[in-house]
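> fold the following for me, if possible:
(2 chains)
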Amino acid sequence: MINFDNVTKVYPNQERAALENVDLTVNKGEFVFLVGPSGSGKSTFLRLILKEERPSDGRIHVAGKDLARLTNWKVPHLRRRIGCVFQDFRLLPNKNVYQNVAFALEVIGKPRRFIRRVVPEVIDLVGLEGKHERMPDELSGGEQQRVAMARAFVNRPMILLADEPTGNIDPATSIGIMKVLDRINRTGTTVVMATHDAAIVDSMRKRVIELEYGKVVRDQVRGVYGQAY
Amino acid sequence: MRSNFVFQEIWVGLRRNLTMTIALIVVVAISLSLLGTGLLFVKQVDRSRTLWQSQAEVSVYLCTADSPNSSCHGAATPAQQSQLQQTLSSMPQVQQVTYLSQPEAYALFKQDFANDPSYVSTVTESDMPPSFEVKLRNPSADYNIVASAVTGAPGVDSVIDEMTILSKFYRLLDAARNAVVIVALILIVAAVLLVANTIRLSAFNRRRETGIMRLVGASNFYIQLPFLLEGVIAGLLGWALAAGLLVGVKSLLLNNLQQYFSYNVGLSVTDLVEVIVLAMLVGVLLCGVTSFLTLRRYLRV
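Below is the predicted model:
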């Protein structure tokens, strides 16, 4: 599903590589934690998958496509198969829950009948039944993140990228978020989650890839956050 | 394509930076109406130029008894007069030669200055030189040939061709037209910069939306269309104002000008429509292309 073939990324005007000779494969339906201190290259890894950045060296394949050979106008089609969730939710403050989720389908030109059918299903899936009309500022952090996950998942992507989704949420609420991510993973969606949250990584017992200074220092099938912690 | 979604986005965009939108509309309106005025002016000048040129005559004034001109030796003799008449009418460029005698010239003079009797009373019939009024087949091309053929001939005091006088007048009109067009062009540059700035602001205002659109895989076309149409709609509103102003310019200014001419130099409705359509093309292209280029810089994949 995601294949990095000896990928190096050096940002312009920077000496140190953000990612160095990263060589790994994430299979379809896998759940992967990406751990490591700030600046270790987790976000760069995610941005490379979305083709928001281009690698300085090496090849990346996502969903069977060689990103280097993907023309600019086909990039949107790649992104339709990838859902994204962020630490800061990135909801539209002037739209309610339903509209925020529907927005993701409206802007890729889905018919209205389809939107009316699919959006409530996904809102229920993330556990926000009966809150369609709420505005983002009327929701708790955990609920806002659920809306963001509904939006990321509503188009049934093959891959879900989550960049510290529990970073702004208290531990008790985080468990609920992880349950939703797990539920999404069980539908066959590949999930890649970058995180600092040791407790979550330890409790889930999923594959863990640890980055340090842009290098993969650990890749464990059923790992924990780290020996040092 | 969800058209109502696009229009909703445009409406939000136009409303959010209302002040910039208004400034944009006004500048587009003024630059387009100046450009249109310039074009109407060009048409007006061309129209009257052809009219006047076709009527322009060469006047050959004959010597009178007290002409101050050194080439005159007393009044032109009847022999000289008939010689001149023959020279002129034998020229292929000449259509018609009319002799204007002293009494006739004096009668015309009195008629022209009828409301200035004191001026008329100081001039006597003998002061008026007799002349040949030469009508040309193709005045704009031939007036030099005819004028030089008789200049300095015996019995000729002076040759005045109306084309020389007209061309001075038209040089003035052309300069005025050029000034209008140059001001219009400067304003168009200002309009381009304003469009670019408005679109940039609009893109910045909605960076959250466009960011999400990019993320969920909206095509560039879908992301950019609302901004593009925003520019074009502002351009169209500006053009509508300009069209109103141009109709005003035509009916007030140019039609008033008509009353100073004895023959019809007025512009037709077709001319006006032509100029207004041209202004629309300029306006829409200007706003559309500028928006497009701005978006390529500020809304990258």
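> show me what the host helix or strand of residue B:168 is packed up against.
Take DSSP states H and E as the rule and residue B:168 turns out to sit in helix B:162-205. Secondary-structure packing of helix B:162-205 (3 or more Cβ pairs under 8 Å, 6 or more residues apart in numbering or on different chains; DSSP states H and E): helix B:3-16, helix B:18-55, strand B:57-62, helix B:139-150, helix B:220-248, helix B:269-298. Where you see a C-beta, it was placed from the backbone N, CA and C, and this is true even at glycine.
> for it, the averaged confidence score.
Averaging pLDDT along helix B:162-205 yields 84.
> next secondary structure after it?
helix B:207-215.
> then that next one to PDB, C-alphas only?
What follows is helix B:207-215, C-alpha atoms only, in PDB (Å, rounded to 0.1, in the frame of the first residue of the first chain):
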ATOM      1  CA  ARG B 207      -6.900  29.500   3.000                       C
ATOM      2  CA  ARG B 208      -8.600  27.200   5.600                       C
ATOM      3  CA  GLU B 209     -11.200  26.100   3.100                       C
ATOM      4  CA  THR B 210      -8.800  25.700   0.200                       C
ATOM      5  CA  GLY B 211      -6.400  23.800   2.500                       C
ATOM      6  CA  ILE B 212      -9.100  21.300   3.300                       C
ATOM      7  CA  MET B 213     -10.200  21.100  -0.300                       C
ATOM      8  CA  ARG B 214      -6.600  20.300  -1.400                       C
ATOM      9  CA  LEU B 215      -6.400  17.700   1.300                       C
END
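> and chain A, is that helix touching that?
Yes - against chain A, helix B:207-215 shows contacts by Cβ under 8 Å from any Cβ of the partner chain at B:208, B:209, B:211, B:212, B:213, B:214, B:215.
> residues in chain A within reach of chain B, list them.
So far as Cβ under 8 Å from any Cβ goes, chain A lies against chain B at A:50, A:72-73, A:75-84, A:90, A:92, A:103-104, A:106-109, A:112, A:151-152, A:155.
> sort out for me which of the residues you listed are in strands.
A:82, A:83, A:84 (DSSP state E).
> mind listing the residues bridging to the last one?
Following DSSP bridges, residue A:84 is listed with bridge partners residue A:161.
> contact partners for it?
A:50, A:152, A:160, A:161, A:162, A:163, B:215, B:216 (Cβ atoms under 8 Å, 6 or more residues apart in numbering or on different chains).
> surely the fifth one and residue A:193 touch.
Yes - counting by Cβ atoms under 8 Å, residue A:162 sits close enough to residue A:193 to count as a contact (4.2 Å).
> which residues do these two both contact?
What both residue A:162 and residue A:193 touch, as defined by Cβ under 8 Å, 6+ apart, is the set residue A:181.
> who's in contact with the most centrally placed residue in chain A?
Centrality entry for chain A: nearest residue to the mean C-alpha point is residue A:161, 1.4 Å, by Cα atoms, centre = their mean. For residue A:161, the contact set (Cβ under 8 Å, 6+ apart) comprises A:46, A:49, A:50, A:82, A:83, A:84, A:85, A:192, A:193.
> pull out the buried residues from those.
A:46, A:49, A:50, A:82, A:83, A:84, A:85, A:192, A:193 (16 or more other Cβ atoms under 10 Å in any protein chain shown).
> and which of the residues you listed is nearest chain B?
For these, the closest approach to chain B (Cβ to the nearest Cβ) belongs to residue A:84, at 5.2 Å.
> could you measure from the closest one over to residue A:101?
Separation of residue A:84 from residue A:101 (Cβ to Cβ, to the nearest Å) stands at 14 Å.
> could you list the low-pLDDT ranges of chain A?
Applying pLDDT under 70 to chain A picks out residues A:227-229.
> the helices in it, which residues?
A:42-49, A:75-80, A:97-106, A:112-125, A:141-153, A:171-186, A:198-204 (DSSP state H).
> in JSON lines: those, plus distance to residue B:60.
Converted to JSON lines, these look like this (distance: least, Cβ to Cβ, whole Å):
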{"stretch": "helix A:42-49", "distance to residue B:60": "89"}
{"stretch": "helix A:75-80", "distance to residue B:60": "81"}
{"stretch": "helix A:97-106", "distance to residue B:60": "83"}
{"stretch": "helix A:112-125", "distance to residue B:60": "85"}
{"stretch": "helix A:141-153", "distance to residue B:60": "91"}
{"stretch": "helix A:171-186", "distance to residue B:60": "101"}
{"stretch": "helix A:198-204", "distance to residue B:60": "109"}
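> contact partners for residue B:205?
Counted by Cβ under 8 Å, 6+ apart, residue B:205 has contacts B:13, B:16, B:17.
> rerun that using 6 Å as the cut-off
residue B:16 (Cβ atoms under 6 Å, 6 or more residues apart in numbering or on different chains).
> for the stretch 101-250 of chain B, give the residue positioned nearest to chain A.
With Cβ to the nearest Cβ as the measure, residue B:217 is the residue of the stretch 101-250 of chain B nearest to chain A, at 3.4 Å.
> what does the stretch 1-150 of chain B give?
residue B:5 (5.2 Å).
> from residue A:83, how far out is the closest residue to that residue other than its chain neighbours?
Sequence neighbours aside, residue A:106 is the residue nearest to residue B:5 in space, at 5.2 Å (criterion: Cβ to Cβ, 6 or more residues apart in numbering or on different chains). Remark: distance between residue A:106 and residue A:83 (Cβ to Cβ) = 16 Å.
> one more: residue B:102?
For residue B:102, the distance to residue A:83 (Cβ to Cβ) stands at 103 Å.
> what of residue A:15?
For residue A:15, the distance to residue A:83 - Cβ to Cβ - is 34 Å.
> for residue B:272, same thing?
57 Å.
> ditto for residue B:78
Distance from residue B:78 to residue A:83, by Cβ to Cβ: 108 Å.
> again, but for residue B:143
In terms of Cβ to Cβ, residue B:143 sits 82 Å off from residue A:83.
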